[in-house]
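Chemist: Here is my input, please return the structure:
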Amino acid sequence: MIRNSAGRMKYGLRSLSHQTSAQNKGLTALQRYADLFVESNMIQKINPRSYETVEEFQQNFPGAVTQDPENVDLHSINQSINMPMYDLLDRGGKKWRPSLGLIFAELFGRNDLQDFERNKDIYFACGMTEIVHNGTLICDDVEDQSLKRRGDLCTYRKYGVDYAVNTGNFMYFSSLNKIEQFIP
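Modeler: Down below sits the predicted model:
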């Protein structure tokens with residue numbers, strides 16, 4: 001833990017430069033796994049950043065459109081769910097959960113983690129935990145009335161409590177629709 005230029009405590013894999021050489025090697029290895037996870041683009045495969053067509057939305061959430069598809073307001077979905085979700089996700093985070101998931105996958109015999117297609121089940125599980133975790137952070141910030149998260153205003157302070165709670169709850173369950181697509 002170190003202090004940034006504003007005097008605030010700073011955590012993260014890249015910010016721990018005061019560690020010993022052996023500790024730095026471990027952190028560098030963890031960062032490699034975090035980078036692999038980000039490179040897989042799994043978060044956006046699970047929850048696209050935005051929906052351009054109703055068909056795309058229906059593919060991600062079968063049965064969600066029960067009315068005339070012309071009446072589906074994709075702009076509202078993108079603004080009220082996806083924008084707050086990616087506002088938090090784009091701020092970073094340490095990616096401990098996906099990193100540990102990939103490490104365990106290797107420990108249990110998965111090779112060539114760079115082959116995203118062959119290991120899509122592992123990357124999906126890692127992505128799912130990362131999405132759920134960030135959803136809990138959004139809801140927790142509302143409960144705790146926190147002011148900031150990852151150097152910016154909490155989601156509920158930027159978008160309102162309703163959007164934050166709906167986004168956080170959406171993040172708890174949105175991955176479930178895709179389990180069969182990624183885990184045979």
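Chemist: Longest helix of the chain, counting residues only.
Modeler: In the chain, with assignment by DSSP state H, the single longest helix is helix 120-144.
Chemist: so where do the strands sit in the chain?
Modeler: With DSSP state E, the ranges of strands along the chain come out as 2-3, 9-10, 148-149, 152-153.
Chemist: Once you drop chain neighbours, what's closest to the spatially most central residue of the chain?
Modeler: Computing the C-alpha centroid of the chain and ranking residues by CA atoms, centre = their mean puts I131 first, at 3.9 Å. Residue nearest to I131 in three dimensions, not counting chain neighbours: M171, with 5.1 Å by CB to CB, 6 or more residues apart in numbering. Quick note: C-beta positions are derived from backbone N, CA and C, even for glycine.
Chemist: for Q114, same thing?
Modeler: Going by CB to CB, 6+ apart, Q114 has L36 as its nearest residue, at 6.9 Å.
Chemist: Buried residues in stretch 148-156, which are they?
Modeler: 149, 154-156 (16 or more other CB atoms under 10 Å).
Chemist: Just the endpoints, please. Distance across it?
Modeler: Start-to-end span of stretch 148-156 (CA to CA, to the nearest Å) is 10 Å.
Chemist: same thing with stretch 62-71?
Modeler: 16 Å.
Chemist: how much space is there between the spatially closest residue to S146 that is not a sequence neighbour and Q145?
Modeler: Spatial nearest neighbour of S146, chain neighbours left out: C154 (5.1 Å); criterion: CB to CB, 6+ apart. From C154 over to Q145 the distance is 9 Å, taken as CB to CB, to the nearest Å.
Chemist: Does G135 touch T167 like I think?
Modeler: Yes. Between G135 and T167 there is a contact under CB atoms under 8 Å: 7.4 Å.
Chemist: between those two, which one's more packed in?
Modeler: For G135 versus T167, neighbours defined as other CB atoms under 10 Å are more numerous around T167 (26 against 21).
Chemist: So that one versus I179, what's the distance?
Modeler: Counting by CB to CB, the gap from T167 to I179 is 21 Å.
Chemist: Kindly report the same for L88.
Modeler: Using CB to CB, one obtains 23 Å as the distance from L88 to I179.
Chemist: What of D112?
Modeler: Taken as CB to CB, the span from D112 to I179 is 23 Å.
Chemist: And for V72?
Modeler: From V72 across to I179, the span is 24 Å (CB to CB).
Chemist: need the helices for this protein, in chain order.
Modeler: 21-40, 42-46, 54-60, 74-77, 83-89, 96-107, 120-144, 155-159, 161-173, 179-182.
Chemist: what residues are up against the nearest residue to E55 once chain neighbours are set aside?
Modeler: Ranked by CB to CB, 6+ apart and with sequence neighbours excluded, the top spatial neighbour of E55 is P69, at 7.9 Å. Listed by CB atoms under 8 Å, 6 or more residues apart in numbering, the contact set of P69 reads 54-55, 58.
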